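Enquirer: this one's sequence-less:
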Ligand SMILES: [Zn+2]
């Protein structure tokens with residue numbers, strides 16, 4: 001009976017070995033690298049683009065993953081021994097161009113060749129997001145994507161509160177919050193990010209504390225400022241999606257214009273007494289806010305922001321519609337509200353949907369745009385935009 005030393009010498013004499021540099025060059029010409037180490041070794045780093053099939057499953061799975069037996073296959077492990085046995089086995093399965101990488105992943109690293117460390121969920125994250133992992137439309141890949149996503153919430157008030165809480169709970173990795181206000185006692189009827197203890201503190205500070213307490217995975221970026229034409233592009237730049245929960249028309253137009261000009265999806269929401277509405281403005285795919293409400297027209301009858309009032313639970317519904325749309329956009333799943341305006345009447349408990357189209361005459365996204373940069377509107381609460389349904393703004 002042969003000793004292990006004799007056996008490995010025998011196996012190595014029957015296979016071809018390549019150096020890590022050769023493996024790299026051959027991979028660039030179409031060879032596939034197969035990593036036969038165990039999952040914990042693979043997770044600590046591997047060769048970019050390599051296929052992962054642990055040694056124990058190699059014969060079982062290789063034909064499914066590499067169906068063409070004439071394709072060159074280079075097997076590697078940590079030091080070159082397991083891969084030698086793997087290469088021999090592949091030859092016996094009928095693969096015609098097989099090699100083992102001498103020295104394995106250790107020598108690949110020593111040679112300074114590129115490696116990747118795959119991102120995986122920690123044990124705690126696997127537990128925290130287990131109900132997402134059970135949903136095929138999210139799964140581990142979707143959860144990783146959410147953790148790497150950045151959402152900007154314009155306003156940490158009525159709409160921003162429920163949206164931020166649920167986006168943080170869902171594991172959206174970075175949440176930016178724009179708000180220059182401090183928490184007022186009259187906010188607490190609906191702005192559930194804030195508590196009695198935070199009255200008098202900046203809203204972003206209070207919101208950050210609440211969100212971090214809910215989910216330490218989330219990085220909160222505070223923008224303690226009022227958006228205007230001088231800062232809006234810089235503030236929006238790092239984010240994947242914008243959730244517009246602001247309470248005034250000046251900012252709504254500004255955010256709409258900036259998001260469009262930067263090619264970012266803007267998730268719109270608005271509330272007034274018992275009525276809410278929401279839509280999704282994705283540049284080029286559907287209308288923008290100006291397509292729906294082209295000109296801010298004076299409406300003397302419209303109550304001012306402070307006088308408008310709002311049912312405390314209303315922003316919860318609308319803010320969560322916005323959060324839902326944000327998650328769908330980030331995950332690339334489902335059908336969003338692009339091209340649709342959803343309205344909600346809390347008194348009648350009725351949702352309605354309106355088709356909304358891009359306006360070819362839109363000054364921003366139309367065929368002959370006149371708005372090519374962000375500008376500040378001179379505007380006040382005492383004016384109201386034209387709307388197909390009651391629309392307004394309340395904190
Ligand atoms: Zn438009």
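Expert: Looks like it arrived, so ask away. Note that the coordinates shown come from a computational prediction; the quantities given were computed from them, not determined experimentally. Numbers count the residues shown, from 1 in each chain.
Enquirer: which stretches of the stretch 51-200 of the chain have low pLDDT?
Expert: Per-residue confidence for the stretch 51-200 of the chain (pLDDT under 70) gives no ranges below the cut-off.
Enquirer: Any idea what the closest residue to the ion within it is bridged to?
Expert: Of the stretch 51-200 of the chain, the residue with the smallest distance to the ion, taken as CB to the ion, is residue 154 at 18.4 Å. The way it works is simple: take the backbone N, C-alpha and C, and place the C-beta from them, glycine included. According to DSSP bridges, residue 178, residue 244 are recorded as the beta-bridge partners of residue 154.
Enquirer: what about residue 15, distance to residue 263?
Expert: As judged by CB to CB, to the nearest Å, residue 15 and residue 263 stand 52 Å apart.
Enquirer: same question, residue 166
Expert: 26 Å.
Enquirer: near the ion, which residues of this structure?
Expert: Contact residues, the chain versus the ion (CB under 5 Å from the ion): 288, 290, 291, 362, 364, 365.
Enquirer: and the second one, how many neighbours?
Expert: Using other CB atoms under 10 Å, residue 290 has 24 other residues around it.
Enquirer: Nearest residue to it in space, please, no chain neighbours.
Expert: Counting by CB to CB, 6 or more residues apart in numbering, residue 364 is the residue found nearest to residue 290 once chain neighbours are left out, at 4.8 Å.
Enquirer: ok, now which ones touch the one you found?
Expert: Contacts here follow CB atoms under 8 Å, 6 or more residues apart in numbering; on that basis residue 364 touches 256, 257, 260, 288, 290, 371.
Enquirer: Which one of these is nearest to the ion?
Expert: Using CB to the ion, residue 288 is the member of those that sits closest to the ion, with 3.4 Å.
Enquirer: thinking again about what came up before, just checking, the residue of the stretch 51-200 of the chain closest to the ion touches residue 246?
Expert: Yes: applying CB atoms under 8 Å as the test, residue 154 and residue 246 come out as touching, 4.7 Å apart.
Enquirer: ok, the residue most central in space within the chain - contacts?
Expert: Note on the chain: the residue nearest the mean C-alpha position is residue 149, at 3.3 Å, using CA atoms, centre = their mean. Contacts were defined as CB under 8 Å, 6+ apart; by that measure residue 149 touches 172, 173, 174, 240, 241, 330.
Enquirer: Against which helices or strands is the lengthiest helix in the chain packed?
Expert: In the chain, with assignment by DSSP state H, the single longest helix is helix 314-331. Of the remaining helices and strands, those touching helix 314-331 by 3 or more CB pairs under 8 Å, 6 or more residues apart in numbering; DSSP states H and E are helix 139-147, helix 160-169, strand 241-244, strand 265-272, strand 275-281, strand 340-345.
Enquirer: now it, how far from the chain's geometric center?
Expert: Distance, stretch centre to chain centre, for helix 314-331: 13 Å (CA atoms, centre = their mean, to the nearest Å).
Enquirer: angle of that helix against strand 340-345?
Expert: Taking axes from the mean of the first three to the mean of the last three CA atoms, to 10 degrees, one finds that helix 314-331 is oriented at 160 degrees with respect to strand 340-345.
Enquirer: could you give the mean pLDDT of helix 314-331?
Expert: Mean pLDDT, computed over helix 314-331, is 98.
Enquirer: tilt between that helix and strand 265-272?
Expert: An angle of 170 degrees separates the directions of helix 314-331 and strand 265-272 when computed by the same axes, to 10 degrees.
Enquirer: Flag every buried residue along helix 314-331.
Expert: Of the residues in helix 314-331, 314-331 count as buried by neighbour count, 16 or more other CB atoms under 10 Å.
Enquirer: tell me which element residue 200 falls in.
Expert: Element membership for residue 200 (DSSP states H and E) is empty, with no helix or strand holding it.
Enquirer: Go ahead and confirm it touches residue 182.
Expert: Yes: applying CB under 8 Å as the test, residue 200 and residue 182 come out as touching, 5.8 Å apart.
Enquirer: The two: who's more crowded?
Expert: Neighbours per residue, other CB under 10 Å: of residue 200 and residue 182, the larger number sits with residue 182, 17 against 10.
Enquirer: show me what contacts that one?
Expert: 200, 201, 202, 203.
Enquirer: Most neighbours out of these, which is it?
Expert: Across the contacts of residue 182, neighbour numbers were computed from other CB under 10 Å; residue 203 holds the maximum, 27 neighbours.
Enquirer: Quick check: that one touching residue 181?
Expert: Yes: using CB under 8 Å, residue 203 makes contact with residue 181 at a distance of 5.2 Å.
Enquirer: Mutual contacts of the two, please.
Expert: With CB under 8 Å, 6+ apart, residue 203 and residue 181 have common neighbours residue 157.
Enquirer: Now stretch 257-277: buried residues?
Expert: Applying a neighbour-count criterion of 16+ other CB under 10 Å, one finds 257-262, 264-277 buried in stretch 257-277.
Enquirer: Checking residue 207 next. Helix, strand or coil?
Expert: Secondary structure assignment for residue 207 (DSSP: H, G, I helix; E, B strand; the rest coil): helix.
Enquirer: how close does it get to the ion?
Expert: Residue 207 sits 31 Å away from the ion, going by CB to the ion, to the nearest Å.
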